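Participant: Okay, sequence plus prediction incoming.
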Amino acid sequence: MHYITGCGVTLLYFALYLLTLCPTVFWYDSAEYAAAAVTLGIPHPPGYPLYTLIGHLFTWLPTSEPAYALNLMSAVFGAATVGLCYLVCHRLGARPLAALCAAGTLGGGHVFWNQCVVTEVYTPALFVLLGVLLLVLRGLRRDSAPTLVAAAGLAGLGLGIHLFIATCGLGLGAMVLGLGLEGRIRTARDLRLAVHREGLSRRLRTAALCVAALLAGSCIYLYVPLRSSMNPALNFEHPTTWYRFSWFITGGNYKNWFMSGYPVGHQLALVGGIFYHQLLVVGVGLMMAGLMHLRGRPLLLIGLTLMVAGNIFFFFNYGVHDLEVFFLPAVTVVCVLVGLGVQAVCGWVDGHAQRRFPRMLARVALVLFPVSLTAINYSAVDLSEYTAARDYGERLCAQLPRKAVLLNFTTPPEWKDNAVFSNYFQLVLGRRRDVEVVVPHAPVEVLRLLMQSRAVYAYYPVPRLVATFVLRKEGLLHRVVKPRLDTGSMPPQ
């Protein structure tokens with residue numbers, strides 16, 4: 001019966017995400033992922049091979065354009081993740097009402113919902129993460145080592161969608177080591193049974209098999225050098241050596257965004273604000289009640305807590321503009337805890353209220369929380385009429401003269417615009433392929449283009465370009481007019 005309810009929750013939230021779905025291409029990574037899926041190419045590190053392959057299947061759908069098909073993919077996996085959240089909470093012992101509150105808190109939350117309406121890697125990755133957690137819980141309940149090994153293999157494959165799954169590995173691993181101990185660990189002192197001689201060899205053997213399955217699943221990353229050698233239209237990296245391959249699949253240049261010497265207090269406030277934005281005050285309180293509810297199951301309490309803590313710890317000092325999406329694994333597990341908190345509150349009310357009316361009133365109030373969360377966030381995440389990125393691409397296609405050159409210095413502001421024009425309009429839609437997008441490494445390269453009487457444009461007046469050339473604003477772009485220096489004094493290449 002609970003599987004039917006889980007499917008119903010999935011369909012309900014799929015309809016909701018469909019109503020708010022972006023109808024066309026979106027900015028930044030969304031445009032690049034669309035190009036990668038269509039061309040079976042290699043996007044930015046770590047390459048996202050499994051996401052690209054699944055996305056390519058979605059591009060076969062008879063939709064208005066590829067971007068919409070991939071936005072739809074985010075909605076499908078987002079809704080399925082909400083359904084899995086219900087099943088995970090139910091597997092942890094929550095009743096249907098509490099499990100529905102957990103699913104609704106996740107599905108109606110701002111941070112998660114944002115990723116369900118545009119082309120992004122996060123909802124498929126979270127679907128895999130909750131699938132892994134559900135298998136681990138099932139394996140512990142049934143004392144089934146093969147189920148735990150299957151969970152590890154799925155986790156390895158999931159790394160090919162997003163690496164943030166690995167940040168929850170410590171918590172999942174701790175639960176795996178509890179094989180055969182479900183129901184026997186009731187207090188913190190009982191945790192010593194995990195290292196007791198009885199069954200220890202079986203647990204260690206299972207753990208070793210899980211590691212092997214994890215590594216086998218992660219071999220999906222061999223797609224990167226294999227496909228790169230075929231020179232696809234989108235090819236961020238040619239990992240021809242082991243060093244370049246390992247550098248690329250472990251994050252590449254994005255590892256430079258991990259800050260040192262950052263203000264801890266400011267970062268704490270920032271991270272705390274992300275979780276508050278998803279949960280609000282009521283959700284935070286229910287999460288704490290959920291943690292208290294697990295006191296009698298310390299193995300699961302430690303495992304879930306480590307999943308949250310590992311994710312927060314790893315990305316705590318990550319200095320990117322969209323930091324909130326990297327905490328989605330923790331947000332998802334926290335929403336499960338919210339469901340357990342609802343279960344605890346209902347149990348407390350049932351134990352203290354003699355009449356039926358206050359018990360019903362408490363349940364109605366708890367259900368209203370995810371409903372109100374959804375109502376509050378609907379207008380904020382609704383992209384059903386958002387076409388700004390597509391409009392920008394159309395205007396750029398109309399503005400650029402034939403065989404123009406567009407300079408891209410790969411600065412963060414340029415990435416937003418170039419992903420739409422170069423990755424989506426040129427590679428996916430086949431528009432304005434006569435325009436050459438150039439990443440100049442020296443001023444002399446720009447000078448050569450001007451001497452060839454090419455119309456040269458830049459997205460923004462990048463300081464190193466302005467220091468050497470005179471620019472003039474034309475429409476959406478800045479045209480490079482002439483050098484500030486004489487040709488003879490131009491800095492060497």
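Facilitator: Received the coordinates, thanks.

Participant: quick one: P401 and G261, what's the gap?
Facilitator: With distances taken as CB to CB, to the nearest Å, P401 is found 47 Å from G261. The C-beta positions use only the backbone N, C-alpha and C, and glycine is treated the same way.

Participant: wait, I meant V325
Facilitator: V325 is 24 Å from G261, by CB to CB.

Participant: buried set for the helix or strand containing V338?
Facilitator: V338 is part of helix 328-352 when elements are defined by DSSP states H and E. Of the residues in helix 328-352, 328-346, 349 count as buried by neighbour count, 16 or more other CB atoms under 10 Å.

Participant: Output the contacting helices and strands for it.
Facilitator: Secondary-structure packing of helix 328-352 (3 or more CB pairs under 8 Å, 6 or more residues apart in numbering; DSSP states H and E): helix 66-91, helix 96-107, helix 110-114, helix 122-142, helix 264-293, helix 298-315, helix 356-381.

Participant: got these as CSV, with mean neighbour count and distance to R431 columns?
Facilitator: Formatted as CSV, these follow (neighbours: other CB atoms under 10 Å; distance: least, CB to CB, whole Å):
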stretch, mean neighbour count, distance to R431
helix 66-91, 26, 13
helix 96-107, 27, 36
helix 110-114, 23, 28
helix 122-142, 23, 28
helix 264-293, 17, 37
helix 298-315, 21, 36
helix 356-381, 15, 29
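
Participant: With mean pLDDT added, can I get those in TSV?
Facilitator: Shown next, in TSV, are the helices and strands packed on helix 328-352 (pLDDT from 0 to 100):
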stretch	mean pLDDT
helix 66-91	96
helix 96-107	95
helix 110-114	94
helix 122-142	96
helix 264-293	89
helix 298-315	93
helix 356-381	88
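
Participant: Out of the ones you listed, which is closest to P43?
Facilitator: helix 66-91 (12.3 Å; CB to CB).

Participant: Compare neighbour counts for V325 and G261 and give me the winner.
Facilitator: Between V325 and G261, counted using other CB atoms under 10 Å, the more crowded position is V325 (20 against 6).

Participant: which non-adjacent residue is nearest that one?
Facilitator: In this structure, V325 finds its nearest non-sequential neighbour in Y122, 5.6 Å apart by CB to CB, 6 or more residues apart in numbering.

Participant: part of a strand, is R472?
Facilitator: Yes: counting by DSSP: H, G, I helix; E, B strand; the rest coil, R472 is part of a strand.

Participant: hey, what's it bridged with?
Facilitator: Counting by DSSP bridges, R472 forms beta bridges with R479.

Participant: Contacts only, for it.
Facilitator: With contact taken as CB atoms under 8 Å, 6 or more residues apart in numbering, R472 is in contact with H478, R479, V481.

Participant: Likewise for L19?
Facilitator: D382, S384.

Participant: that older thread, now distance to A15 too, for the helices and strands packed on helix 328-352, in CSV please.
Facilitator: Shown next, in CSV, are those (distance: least, CB to CB, whole Å):
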stretch, distance to A15
helix 66-91, 8
helix 96-107, 11
helix 110-114, 13
helix 122-142, 16
helix 264-293, 21
helix 298-315, 29
helix 356-381, 12
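
Participant: can you give me phi and psi for G475?
Facilitator: The phi/psi pair for G475 (degrees, to the nearest 10) reads phi 60, psi -120.

Participant: Does L304 touch L172 like I think?
Facilitator: No: counting by CB atoms under 8 Å, L304 does not reach L172; the two are 9.7 Å apart.
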